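A.B. asks: next input, structure requested:
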Amino acid sequence: MSRFMLRALSAGIAAATLSVSAHAATEITWWHSMGGELGERLSVLAEDFNATQDEYRVTPSYRGEYEQTMVNTIAAFRAGEQPHIVQIYEVGTGTMMAAQGAIYPVYELMEEHGNTFDPNDYLPVVTGYYTDTNGNMLSMPFNSSTPILYYNKAIFEAAGLDPESPPTTWAEMGEMGQQIVDEGAASCGFTMAYAANWVGLENFSALHNQSIGTQENGFGGLDTEFAFNGDVQARFWDQLKEWSDSGVYSYAGPANGPDAAPSFYASDCAMYMNSSASRADVLANSDFDVGFGMLPYYDDVDGAPQNSIIGGATLWVLSGHEDDEYTGVAEFLEYLSLPEVQAEWHQGTGYLPITTAAYELSQEQGYYDENPGADIAIEQINLNEPTENSKGLRFGNYPQVRMVLDEEFQAVLAGDKSGQQALDDAVSRGNQILRDFEAANN
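C.D. replies: From the prediction side, this is the model:
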């Protein structure tokens with residue numbers, strides 16, 4: 001039996017032994033967006049906490065994908081039926097921040113309930129994404145990730161490439177991808193999830209220290225405008241179009257690219273870019289030796305590579321509950337940040353260790369020595385001190401902007417627009433979404 005299953009069993013037994021007093025425990029509701037094995041691991045976290053004490057009982061509840069959870073939370077708050085804690089993805093940060101009166105900022109929660117809490121314990125690239133302009137942490141980091149490169153070592157060998165040397169630049173990516181296709185080792189060189197947004201635009205821009213928007217990528221206020229239509233981004237979209245036509249690149253669909261992972265698992269595509277949190281699924285679904293690398297970059301762009309940015313989600317605390325319930329919420333959030341808890345979550349899922357202590361503990365345990373490539377995501381986000389262009393982004397209603405980007409990128413692939421035209425149009429359409437959000441929240 002696996003360690004994960006043993007922990008789940010022991011947590012269940014411990015919870016059962018507390019059944020006599022459980023009826024008196026204060027319930028803490030936690031809405032989340034993790035299904036499958038991640039959802040099971042999340043439930044074990046809650047049960048492990050519940051087994052440590054008998055005053056509070058955290059009850060997780062799956063509420064659909066990130067966007068659905070966010071919509072459900074807004075509706076629940078309006079009806080006075082909101083959970084205590086909700087998991088919201090990183091691009092929902094601007095929307096949550098604007099919901100004044102609906103959230104209980106984490107820094108206030110922890111201060112007012114006397115819990116040990118120091119933002120300096122967390123990785124800077126993580127805390128920077130979820131703090132206000134005064135450096136106060138608004139939500140609790142939980143599952144943070146960054147995209148990396150996965151590649152099929154067997155295909156590399158079949159194409160006459162070194163299986164221990166993945167491409168580091170986009171020029172190498174094009175050359176290797178072409179050689180793979182020409183040698184018949186695979187039908188495509190590479191594919192990626194989130195081609196038009198998180199991977200192919202947001203992280204691409206950060207790695208090249210290119211602005212995504214004014215006002216420090218939206219961190220400085222609501223009166224921001226998009227700026228992701230620079231020469232470097234347009235060049236990349238045009239190059240993806242060329243590679244798509246030649247078979248070097250295979251478009252996997254909008255949003256999270258539903259066809260990306262299957263094409264990699266089936267050895268149709270030799271390389272695949274997606275979240276570091278995909279590591280467990282990649283290893284479980286691949287019957288070949290998987291290699292890992294950082295995202296490629298243009299080596300003729302000054303300052304590149306800078307650093308990648310995170311994705312994933314944080315835990316927001318919602319207002320409207322009793323003070324004694326918030327004491328339990330604070331204790332649970334403190335528990336989730338314990339080094340041993342975070343280290344096991346990181347090692348079991350592929351998400352980043354959100355605290356320095358959890359990272360150091362994983363090093364001490366020999367995890368990275370035993371699992372080559374598991375620390376690539378950490379190295380990549382820490383390549384350099386984040387700049388205004390590479391610390392993340394914060395825009396209201398940004399999920400709508402991502403839909404616009406998907407549409408414009410598809411127009412490029414169809415040959416209807418150049419990369420520059422598509423990005424110019426996306427900026428124009430996106431700015432209207434920002435103005436609508438600004439008007440609604442001023």
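A.B. asks: SS state for residue 219?
C.D. replies: Assigned with DSSP: H, G, I helix; E, B strand; the rest coil, residue 219 falls in the coil class.
A.B. asks: against residue 393, how distant is it?
C.D. replies: 8 Å (C-beta to C-beta, to the nearest Å). C-betas here are computed from N, CA, C, even on glycine.
A.B. asks: then residue 144?
C.D. replies: From residue 144 to residue 393 the distance is 14 Å (C-beta to C-beta).
A.B. asks: likewise residue 350?
C.D. replies: 22 Å.
A.B. asks: more neighbours, those two?
C.D. replies: residue 393 (27 against 23; other C-beta atoms under 10 Å).
A.B. asks: who's the residue nearest the centre of the chain bridged to?
C.D. replies: Most central in the chain under C-alpha atoms, centre = their mean is residue 311, positioned 2.1 Å from the mean C-alpha point. Note on residue 311: beta-bridge partners by DSSP bridges are residue 145.
A.B. asks: can you check the pLDDT for it?
C.D. replies: If you check residue 311, the pLDDT there is 90.
A.B. asks: list the contacts for it?
C.D. replies: Applying C-beta atoms under 8 Å, 6 or more residues apart in numbering, one finds that residue 311 lies in contact with 89-90, 144-147, 198, 275.
A.B. asks: and of these, the nearest to residue 387?
C.D. replies: Compare each of the contacts of residue 311 with residue 387 using C-beta to C-beta and the shortest gap goes to residue 146, at 15.9 Å.
A.B. asks: phi first, then psi, for that closest one.
C.D. replies: phi -150, psi 150 (degrees, to the nearest 10).
A.B. asks: now do the SS call for residue 302.
C.D. replies: coil.
A.B. asks: and the residue nearest to it when sequence neighbours are not counted, how far is that from residue 235?
C.D. replies: In space, and not counting its chain neighbours, residue 302 is closest to residue 209: 7.9 Å by C-beta to C-beta, 6 or more residues apart in numbering. Using C-beta to C-beta, we find residue 209 at a distance of 15 Å from residue 235.
A.B. asks: of those two, who's got more company?
C.D. replies: Between residue 209 and residue 235, counted using other C-beta under 10 Å, the more crowded position is residue 209 (20 against 15).
A.B. asks: what helix or strand does the more buried one sit in?
C.D. replies: Of the helices and strands defined by DSSP states H and E, none includes residue 209.
A.B. asks: pretty sure it sits against residue 389.
C.D. replies: Yes - look at residue 209 against residue 389 with C-beta atoms under 8 Å: they come within range, at 5.0 Å.
A.B. asks: so what's in contact with the two at the same time?
C.D. replies: residue 306.
A.B. asks: give me the residue ranges of this structure where confidence is low.
C.D. replies: Within the chain, the segments meeting pLDDT under 70 span 1-23.
A.B. asks: can you give me the strands for it?
C.D. replies: 26-32, 56-62, 85-89, 140-145, 147-152, 188-192, 249-250, 269-275, 290-293, 311-317 (DSSP state E).
A.B. asks: quick one: residues contacting residue 409.
C.D. replies: 195-196, 200, 237, 422.
A.B. asks: would you mind measuring from it to residue 241?
C.D. replies: For residue 409, the distance to residue 241 - C-beta to C-beta - is 9 Å.
A.B. asks: same check, this time on residue 399
C.D. replies: Counting by C-beta to C-beta - residue 399 and residue 241 are separated by 25 Å.
A.B. asks: do the same with residue 284
C.D. replies: Residue 284 is 33 Å from residue 241, by C-beta to C-beta.
A.B. asks: look at the two and report which has more neighbours.
C.D. replies: residue 241 (21 against 9).
A.B. asks: pretty sure that one is touching residue 412, no?
C.D. replies: Yes - in this structure residue 241 lies within contact range of residue 412 using C-beta under 8 Å: 5.2 Å.
A.B. asks: which helices and strands does the longest helix anywhere in the chain pack with?
C.D. replies: Looking across the chain with DSSP state H, the single longest helix is helix 419-440. Helix 419-440 sits against helix 93-98, helix 231-246, helix 398-413, with contacts defined as 3 or more C-beta pairs under 8 Å, 6 or more residues apart in numbering; DSSP states H and E.
A.B. asks: helices of the stretch 251-400 of the chain, start to end?
C.D. replies: All helices of the stretch 251-400 of the chain, identified by DSSP state H, counting those that start in this stretch, fall at 260-265, 279-285, 323-336, 339-349, 356-364, 367-370, 376-381, 398-413.
A.B. asks: ugh, typo on my part, it should be the stretch 1-150 of the chain
C.D. replies: Going by DSSP H, counting those that start in this stretch, the stretch 1-150 of the chain shows helices at 3-17, 19-22, 36-52, 66-78, 93-98, 106-112, 124-127.
A.B. asks: switch these over to JSON lines; also include distance to residue 267 and mean neighbour count.
C.D. replies: Shown next, in JSON lines, are the helices of the stretch 1-150 of the chain (distance: least, C-beta to C-beta, whole Å; neighbours: other C-beta atoms under 10 Å):
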{"stretch": "helix 3-17", "distance to residue 267": "28", "mean neighbour count": "13"}
{"stretch": "helix 19-22", "distance to residue 267": "49", "mean neighbour count": "11"}
{"stretch": "helix 36-52", "distance to residue 267": "23", "mean neighbour count": "18"}
{"stretch": "helix 66-78", "distance to residue 267": "30", "mean neighbour count": "17"}
{"stretch": "helix 93-98", "distance to residue 267": "37", "mean neighbour count": "20"}
{"stretch": "helix 106-112", "distance to residue 267": "44", "mean neighbour count": "18"}
{"stretch": "helix 124-127", "distance to residue 267": "34", "mean neighbour count": "20"}
